[in-house]
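1. need a structure here:
(chains A and B)
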Amino acid sequence: MYASHADSGSPGAAGVPLLVTQAIAKSFAVPVLKAIDFTLQHGEVHALMGSNGAGKSTLCNIIAGVLPASGGNLELRGQRFQPAGIRDAEAQGIRMVMQELNLFPTLSIAENLAFGEFGARAGILSHGRLHARARAALATLGLEDLDPEMPVSRLGVGQQQLVEIARVISRPLSLLILDEPTAALTDPQIERLFTSLRKLTARGVGILYISHRMDEIRRIADRVSVLRDGHLVATAPSGALDSDQIITLMAGEKAVDGSTTTQRRTPRTEPASPVLKVEQLGRRGAFSDISFTLHAGEVLGIGGLIGAGRSELLRGIFGADRVDSGGIRLAADQFARLRRMRSPQEAVRAGLGLVVEDRKSQGLLLQASIAHNLSLARLPDLHSRLGMMDTARETELAATMCRSLDINYRALDQTLWELSGGNQQKVLIGRWLLKALPILLFDEPGRGVDARAKARIQLLVRELAAAGKAVVVVSSETEELSALADRILVLSNGRVAGEFATGNFDESAFLSACFRFYSDGTQDRHPGGESSGKPARHDRKTTP
Amino acid sequence: MTTHSLRRIRLPWNSLGLIAVLCALVLLFSLLSDYFFSAGTFRSLANQIPTLTVIAVGMTYVLLIAGIDLSVGSVMALAGAVTGVLMVDLQWPLLPAIVAALAAGLACGSVNGFISARWSIPSFVVTLGMLEIARGGAYLTTNSETRYLGDAVAIIGDPLAGPGVSAALLFAVAVVAVGQFVLVKTVFGRYMVAIGTNEEAVRLSGINPLPWKIAVFALAGLLAGLGGIFQLGYLQSADPNAGIGLELSAIAAVVIGGTSLSGGRGSVVNSFLGVLIIAVMETGLAQLGVSEPGKRIITGSVIILAVLFDQFREPLGRRFTRWRSAAGSAQEAA
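-> Numbering: from 1, shown residues only, chains lettered A, B, ... in the order given. Next up is the predicted model:
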């Protein structure tokens, strides 16, 4: 049963689709998928499109058995299908290639390809068989010139992505889910990938293909489904929709009412003075040629798809990661000197603060107290000349900050572990506020924070701008951006794709800009060859 | 207000637990052996512990910043060797020779710190290399021969007339006190804890962790050098083979004291209690006539038990904190 079902992928009874989802729903705290009815045919490449948080990944995770659905049914080849886990789905030949690479860097290509299904006899691996299998798998993607014994860490990101795909398609397969498979690939590699995908579909394998790149979708996909806010808003043959129509479908009718957001704000009358000029800033493999001017008293939003290079841009400005080209100018020297921050220390001295995206691993001292977390950036001036801590002053500053940010706490020596996400985020922001810096960069300030704390943080950001601070906010939520920002810069595939005033905000145009540099036919890749294309997040230590 | 009153009644539970263990051990050995509870035993304990004590203080700092220093035993031997050769072969007086020994320790520690911090190389590897280098240096300086110093260094290890204990012990206890003070009250201590808790967060807060990390290893080297001088006073000779395996005793003492190997949590005073527990156990077991293999097996088991206990202590502490705060608010309500 296993072999006949999973491997052949042969079309079953005529007319029975490979996969049908009936009113599939999923909620975490809030509903993210709402009654999705969707069909995947045998031998079809079906593209899934949608903006950040539309529900693409959640739907794929349910089909691949990673997540259980909260409601609805799955039918595989006309039979009820309820995967209890990934293993169940794999037994039916459903396999997913994630965007993050899941290879073991120190193991060889052959070992990676075989992992989990080594075919060992009595615990002993046959290297001959392992390598023969590896060569066959690599050949399907035109990688026959790679040595199967080479450790994966020696490959470029693009080749690693292909090895990962080869691992999946060399196994019994009836339904393949690919999440942005071409993000790190060069054009010839994409050609090879498409050729082998067509071979798979000829065998009857159905492919779910997530991508932001419209031109690719038009070439490889038979049909396109568009998701928006957890709803399936359209399914159509891929030739039937042009890019503008797809963007409109992803954006929907609800143009954000900008008038209300502007009314809340006091319009700036006096000409704002610039405090930071970013000039042609670039970091290989992450972003390139970014220029903008930031003014005192304004909130500049940065929008774009996840992976567009927004966090990397903030980290580059702040000196947390190196940049390769361009630089920034600061008001302190009348913008005379084009400079690059070599370390966060230098950036903080120059008046910049960064509220990091991943507060638990990069921002907070979770085992330390609220007071110690709040005072961290201030430590250099919270001690006497002999190095004695001024704990009285520290406690006073911490208590004041907790009050002004409405941090709920029992005692200042309480550890951060015990606080909610929202209060943790406030502590992280409070650390910079104690430093009284003129420029603040926020990376996803509303992530992992409850609604009330989120509203408080948004209010705080507006208050900071009103007090004359210059603020940059990166956010993946359009609502948050339009509520917070005076204007929004859109990054697409590492480049500036447009600037929007939030006064008359047009969500279709915004989304269109988000997708702009993923879909042009020129395939403008970042310089640096195939190992660079994929914007790895926080890749300070992972760059080869 | 609540905060302050709570802080005042906060008790150092770890320390109390360790003191309880120490008292229990003393009681146990006193019951089991006729000779243990005597002035002689305590005098010999007091003579043994200064070296391990000061080295454990440095090791506490190193473990606090999530590092490790395997070279302390060799560095200690090198410092002793330098003093011995300077005093015996070159006829230097005691004080300049001591300064030279401390300088040697400081230099080794600085190299450890600079290389591991500057190039992000695990301190385990760098100090493993230094373990070999410093030992080689000790052999080279002494030409692999022990130097007998005799009365020239008696002032370090012999009991002083007034207090009845050696200068080394007094100095070591002072190092513990200063070490704890620096950890709790100074900005350097705060940086150590912060770096050990989350170095990346420290870096992204605009603080360069590099100089502080180097300082910690340099200090550990300096204290290993000081330990070498104390050892010299105790043995009245400079032995290039001294201190083999001492790094493991130091780590054991610090770990028994509850300092986390993953960094961010630790106490110098508790490390000192760890040193006392190890010393009492070794002396007590020896007096009971337990063989060397037996001593090792028992000491090893105690280390494992200490770490196990440490794993379960944390939730207990939290439970107590909750109970205390509930009691506090109940009092306030009343």
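
2. helices along chain B, start to end?
-> In order along the chain, chain B carries the following helices (DSSP state H): B:2-9, B:13-32, B:39-64, B:72-88, B:94-118, B:123-142, B:154-157, B:167-185, B:187-197, B:199-204, B:210-235, B:246-256, B:268-287, B:292-333.

3. wait, which of those helices is closest to A:Gly309?
-> Taking Cβ to Cβ as the measure, the helices of chain B were each checked against A:Gly309, and helix B:199-204 came out nearest at 18.6 Å. The way it works is simple: take the backbone N, C-alpha and C, and place the C-beta from them, glycine included.

4. for the closest one, buried residues please.
-> Neighbour-count burial for helix B:199-204, counted by 16 or more other Cβ atoms under 10 Å in any protein chain shown, picks out B:199-204.

5. with respect to burial, which of the helices of chain B scores highest?
-> For these, the stretch with the most neighbours on average is helix B:72-88, a mean of 30; neighbours defined as mean count of other Cβ atoms under 10 Å in any protein chain shown.

6. which secondary structure elements does it contact?
-> helix B:39-64, helix B:94-118, helix B:123-142, strand B:147-148, helix B:210-235, strand B:237-238, helix B:246-256 (3 or more Cβ pairs under 8 Å, 6 or more residues apart in numbering or on different chains; DSSP states H and E).

7. in TSV, list those along with mean pLDDT and distance to chain A.
-> Listed next are the helices and strands packed on helix B:72-88 as TSV, based on pLDDT from 0 to 100; distance: least, Cβ to the nearest Cβ, whole Å:
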stretch	mean pLDDT	distance to chain A
helix B:39-64	93	12
helix B:94-118	96	13
helix B:123-142	96	17
strand B:147-148	92	39
helix B:210-235	96	10
strand B:237-238	92	35
helix B:246-256	93	18
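
8. make TSV from those and add distance to A:Gln245 to it.
-> Converted to TSV, these look like this (distance: least, Cβ to Cβ, whole Å):
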stretch	distance to A:Gln245
helix B:39-64	60
helix B:94-118	56
helix B:123-142	59
strand B:147-148	90
helix B:210-235	55
strand B:237-238	86
helix B:246-256	65
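
9. what about the residue in chain A positioned nearest to chain B, which helix or strand?
-> When Cβ to the nearest Cβ is the measure, chain A has its nearest residue to chain B at A:Val348, with 2.9 Å between them. Assigned by DSSP states H and E, A:Val348 falls within helix A:344-349.

10. and that helix, what does it pack against?
-> Packed against helix A:344-349, as judged by 3+ Cβ pairs under 8 Å, 6+ apart, are the following elements: helix A:310-318, helix B:199-204.

11. would you mark the buried spots in it?
-> Judged by neighbour count (16+ other Cβ under 10 Å), helix A:344-349 contains these buried residues: A:344-348.

12. tabulate the CA atom coordinates of it in PDB.
-> Taking C-alpha atoms only, helix A:344-349 is exported to PDB below (Å, rounded to 0.1, in the frame of the first residue of the first chain):
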ATOM      1  CA  PRO A 344      27.100  49.000  18.600                       C
ATOM      2  CA  GLN A 345      29.300  50.900  21.100                       C
ATOM      3  CA  GLU A 346      30.200  53.400  18.400                       C
ATOM      4  CA  ALA A 347      26.600  53.700  17.300                       C
ATOM      5  CA  VAL A 348      25.400  54.300  20.900                       C
ATOM      6  CA  ARG A 349      28.000  57.000  21.400                       C
END
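
13. who touches it?
-> Residues from elsewhere that reach helix A:344-349, judged by Cβ atoms under 8 Å, 6 or more residues apart in numbering or on different chains: A:317-320, A:341, A:354, A:377, A:435, A:437, B:203-208.

14. and stretch B:149-158, how far out from the chain's middle?
-> 23 Å (Cα atoms, centre = their mean, to the nearest Å).

15. in PDB, list the C-alpha atoms belonging to it.
-> Taking only C-alpha atoms (Å, rounded to 0.1, in the frame of the first residue of the first chain), the coordinates of stretch B:149-158 have been written out as PDB:
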ATOM      1  CA  LEU B 149      64.100  28.000  49.600                       C
ATOM      2  CA  GLY B 150      63.700  27.100  53.300                       C
ATOM      3  CA  ASP B 151      63.400  29.900  55.700                       C
ATOM      4  CA  ALA B 152      63.600  32.600  53.000                       C
ATOM      5  CA  VAL B 153      59.900  32.200  52.400                       C
ATOM      6  CA  ALA B 154      58.900  31.100  55.900                       C
ATOM      7  CA  ILE B 155      57.200  34.400  56.500                       C
ATOM      8  CA  ILE B 156      54.500  33.400  53.900                       C
ATOM      9  CA  GLY B 157      53.400  30.100  55.300                       C
ATOM     10  CA  ASP B 158      54.400  30.000  58.900                       C
END
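
16. who touches it?
-> Counting by Cβ under 8 Å, 6+ apart, stretch B:149-158 makes contact with B:47, B:83-84, B:87-88, B:94, B:166-168, B:229-230, B:232-234, B:236-238, all of which sit outside it.

17. mind running it again at 10 Å?
-> Applying Cβ atoms under 10 Å, 6 or more residues apart in numbering or on different chains, the external contacts of stretch B:149-158 come out as B:47, B:50, B:80, B:83-84, B:87-88, B:93-94, B:97-98, B:165-169, B:171, B:229-238.

18. give me every residue that touches the residue nearest in space to the middle of chain A.
-> The centre of chain A sits closest to A:Ile306, judged by Cα atoms, centre = their mean, with a distance of 3.1 Å. Residues in contact with A:Ile306, defined by Cβ under 10 Å, 6+ apart, are A:51-53, A:57, A:99, A:180, A:212, A:444, A:476, A:535, A:537.

19. what does A:Ile36 give?
-> A:21-26, A:55, A:58-59, A:62, A:69, A:72, A:225, A:227, A:230-232.

20. just to revisit the earlier point, and the helices and strands packed on helix A:344-349 as JSON lines, adding mean pLDDT and distance to A:Gly128?
-> Converted to JSON lines, these look like this (pLDDT from 0 to 100; distance: least, Cβ to Cβ, whole Å):
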{"stretch": "helix A:310-318", "mean pLDDT": "95", "distance to A:Gly128": "44"}
{"stretch": "helix B:199-204", "mean pLDDT": "95", "distance to A:Gly128": "45"}
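
21. quick one: closest of those to A:Asn423.
-> The closest of these to A:Asn423 is helix B:199-204. By Cβ to Cβ, the value is 16.7 Å.

22. how does chain A divide into domains?
-> Taking automatic domain parsing as the criterion, chain A consists of the domains A:1-93+A:174-253, A:102-171, A:256-351+A:439-446+A:467-532, A:362-436.

23. B:Val302 and B:Ile278 touch, don't they?
-> Yes. Using Cβ atoms under 10 Å, B:Val302 is in contact with B:Ile278, at 8.1 Å.

24. so the most far-flung residue of chain A relative to its centre, which of the three states?
-> Farthest-out residue of chain A from its mean C-alpha position, per Cα atoms, centre = their mean: A:Leu386, at 45.9 Å. In three-state terms, and counting by DSSP: H, G, I helix; E, B strand; the rest coil, A:Leu386 is coil.

25. how about it, nearest residue that isn't a chain neighbour?
-> In space, not counting the residues next to it along the chain, A:Leu386 is nearest to B:Thr186; the distance is 7.9 Å by Cβ to Cβ, 6 or more residues apart in numbering or on different chains.

26. need the contact list for the one you found.
-> When contacts are counted by Cβ under 10 Å, 6+ apart, B:Thr186 is found next to A:383-384, A:386-389, B:192.
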